[in-house]
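Trainee: sequence first, predicted model second:
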Amino acid sequence: MDGLQYWKFKQYLVSEVTLEVVKNLIERRTKEKRFEQLVLKWSLSLFVVLFFSLIYIYFYKLPAFGTMFLMNRNVIGYLTQDKLLLTLCIIGIFSIVQMIHYKKKHTKAENEYEELRIATIERGEELWEKPVPWKLRHEVFDWLKREHDVNLYHK
């Protein structure tokens, strides 16, 4: 949280505990979004690799495959002899592994964020204990929703 926002929170007479909870919410939301983007990136790379692999097989391997299949039936050996196709398969497997890895991290980060968000909503009266911050909490909620996509209005 930058200095200007810290100063603005201090204007609302927000306690240090509330400020720390807001910082944690922002950090966890940012972490969740980062992992979501990584999952999307690796899914897209897997799609691109599969697309180019199928195009390559269809236009370059399949025409020669028809005559080769009648002579010998070693299909896997025929396809793995090609270095480009083998490289595309390795990249595809790596993309799948990375996508699964980041999906698990995204799920974990999402659960941590949701737990903290729900705990913050449930402990709202404790965090906004003074009358002035309680009246101005909607401005903090609006800022969190607008700037960081953190919704504290409802579960």
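Mentor: Looks like it arrived, so ask away.
Trainee: how about the helices in the chain?
Mentor: For the chain, the helices defined by DSSP state H occupy 3-11, 16-56, 62-71, 75-80, 83-122, 124-127, 131-148.
Trainee: and of those helices, who's closest to residue 154?
Mentor: helix 83-122 (7.3 Å; C-beta to C-beta). All C-beta spots, glycine's among them, are computed from the backbone N, C-alpha and C.
Trainee: how about the residue nearest the centre of the chain, nearest residue that isn't a chain neighbour?
Mentor: For the chain, the residue nearest the mean C-alpha position is residue 36 (1.0 Å; C-alpha atoms, centre = their mean). Nearest non-adjacent residue to residue 36, counting by C-beta to C-beta, 6 or more residues apart in numbering: residue 106, 5.5 Å away.
Trainee: so who does the one you found touch?
Mentor: 32, 35-36, 38-39 (C-beta atoms under 8 Å, 6 or more residues apart in numbering).
Trainee: of those, buried ones?
Mentor: 32, 35-36, 38-39 (16 or more other C-beta atoms under 10 Å).
Trainee: of those, which is the nearest to residue 148?
Mentor: Closest approach to residue 148 among those (C-beta to C-beta): residue 32, at 10.9 Å.
Trainee: please report how far the residue lying closest to that closest one once chain neighbours are set aside lies from residue 31.
Mentor: Distance criterion C-beta to C-beta, 6+ apart; nearest residue to residue 32, sequence neighbours excluded, is residue 109 at 4.3 Å. Computed as C-beta to C-beta, to the nearest Å, the residue 109 to residue 31 distance reads 5 Å.
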